[in-house]
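Undergrad: starting from these lines, generate the structure:
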Amino acid sequence: KDASELNIKLTLMFSPSWARYIGEDQMRTDEIQAWRTLGHEIGAHHHSIYHGNWDGYTNYPPWLAELQRYEEGRVVPETYLGTLDLFMDSLASLGPIRSGCVNEEEDKVEMPEGIIYSTCSGYANFGSPGRLMSDFDEPLKGRNEYVTVGWWNGALRKWLAHYLMPSVNELHRVREVFADMGPDEAYGVVLHASPKNMAAYYGYLEFVHAEDPLGFKSRTVTEIIEEQLLPERFIEVPQFSE
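TA: Numbers count the residues shown, from 1 in each chain. Got it, this is the predicted structure:
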């Protein structure tokens, strides 16, 4: 509601547990569709077998996923729930989805077939294409001079990049990067929908609104890519990041 009032478009990424909760009630489902009508995008969020909290979906066999979870430090691995096709099926109550952040930074096998636009490639989108950069530590990661493009698993995938802003205290660093960007670039920030991120979220909304009061430059992930607002840079996409 606040983003809409400030003319800011959001790409809202949901995990299966959120989708199940929403699908249990028609009013919740209708609200998601209303967000779409307001110009926001609905996307997917996946936690892979390499994440601190796996969501239970993978294209690896269950025994291999369980082994990886032990290696990640899990004494009792999370329950295997199915393939990534089933992951996409679990989001059906949200309507059509083709974008998201599906934790493919380390291993591209974690990308469902239906996700063709993502913000979790692990690559920086400025300077030389194909350079790995963490989204946790460096606000520069949110800078997009171009869209990274490559073939994976028979589909042409296109990636933007984002900075995972941990707190409102980092907003000054975001401002510094933003001020140094050219007029034909895009900047992206990801925030979690949790109480500890609310100050950062509202701080970022206010910053973006001050830069673009009428929202003329605000775009969702899919809009940035499909409106061809940025040039594309092709790379060979390996399964594992080096």
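
Undergrad: ramachandran angles for the residue nearest to the spatial centre of the chain?
TA: When CA atoms, centre = their mean is applied to the chain, the residue found nearest the centroid is Cys101 (3.0 Å). Here is the backbone geometry of Cys101 (degrees, to the nearest 10): phi -140, psi 100.

Undergrad: contact partners for Tyr60?
TA: With contact taken as CB atoms under 8 Å, 6 or more residues apart in numbering, Tyr60 is in contact with Ile49, Gln68, Val109. In this view, the C-beta of every residue, glycine as well, is placed from N, C-alpha and C.

Undergrad: next one, pLDDT for it please.
TA: You'll see Tyr60 listed with a pLDDT of 98.

Undergrad: please give the element, helix or strand, for it.
TA: In this structure, Tyr60 sits in neither a helix nor a strand according to DSSP states H and E.

Undergrad: show me where this protein has its strands.
TA: Assigned by DSSP state E, the strands in the chain fall at 11-14, 41-45, 99-101, 117-118, 143-144, 147-152, 155-159, 163-164, 186-187, 189-190, 232-234.

Undergrad: now the last one: average pLDDT?
TA: It stands for strand 232-234. Here strand 232-234 scores 98 as its mean pLDDT.

Undergrad: what does the fourth one give?
TA: Strand 117-118 shows a mean pLDDT of 98 in the predicted model.

Undergrad: who are the packing partners of it?
TA: The contact analysis (3 or more CB pairs under 8 Å, 6 or more residues apart in numbering; DSSP states H and E) places strand 117-118 against strand 99-101, strand 155-159, helix 221-226.

Undergrad: off-centre distance for it?
TA: With CA atoms, centre = their mean, to the nearest Å as the basis, strand 117-118 stands 7 Å off its chain's centre.

Undergrad: same question for the fifth one.
TA: For strand 143-144, the separation from the chain centroid amounts to 14 Å (computed by CA atoms, centre = their mean).

Undergrad: who touches that strand?
TA: Counting by CB under 8 Å, 6+ apart, 124-126, 160-161, 177, 181, 185-188, 224, 230 sit against strand 143-144.

Undergrad: ok, 10 Å please
TA: By CB atoms under 10 Å, 6 or more residues apart in numbering, the surrounding residues in contact with strand 143-144 are 119, 124-127, 133, 159-163, 177-178, 180-182, 185-188, 224, 229-230.

Undergrad: just the buried members of those?
TA: 119, 124-126, 133, 159-163, 177-178, 181, 185-188, 224, 230 (16 or more other CB atoms under 10 Å).

Undergrad: before we move on, back to that, in helices, which of the contacts of strand 143-144 fall?
TA: Residues of the contacts of strand 143-144 located in helices (DSSP state H): Val177, Phe178, Ile224.

Undergrad: what about stretch 184-197, start to end distance?
TA: Chord length of stretch 184-197, first to last residue, is 29 Å (CA to CA, to the nearest Å).

Undergrad: show me what contacts the closest residue to Ile97 other than its chain neighbours?
TA: Of all residues not flanking Ile97 in the chain, Ala44 sits nearest, at 5.2 Å (CB to CB, 6 or more residues apart in numbering). Contacts for Ala44 (CB under 10 Å, 6+ apart) come out as 13-16, 19, 84, 87-88, 90-91, 94, 97-102, 112, 114-115, 118.

Undergrad: distance check, the residue of the chain positioned farthest from its centre against Ile49.
TA: Here the chain reaches farthest from its C-alpha mean at Val75, the gap being 28.6 Å by CA atoms, centre = their mean. Separation of Val75 from Ile49 (CB to CB, to the nearest Å) stands at 16 Å.
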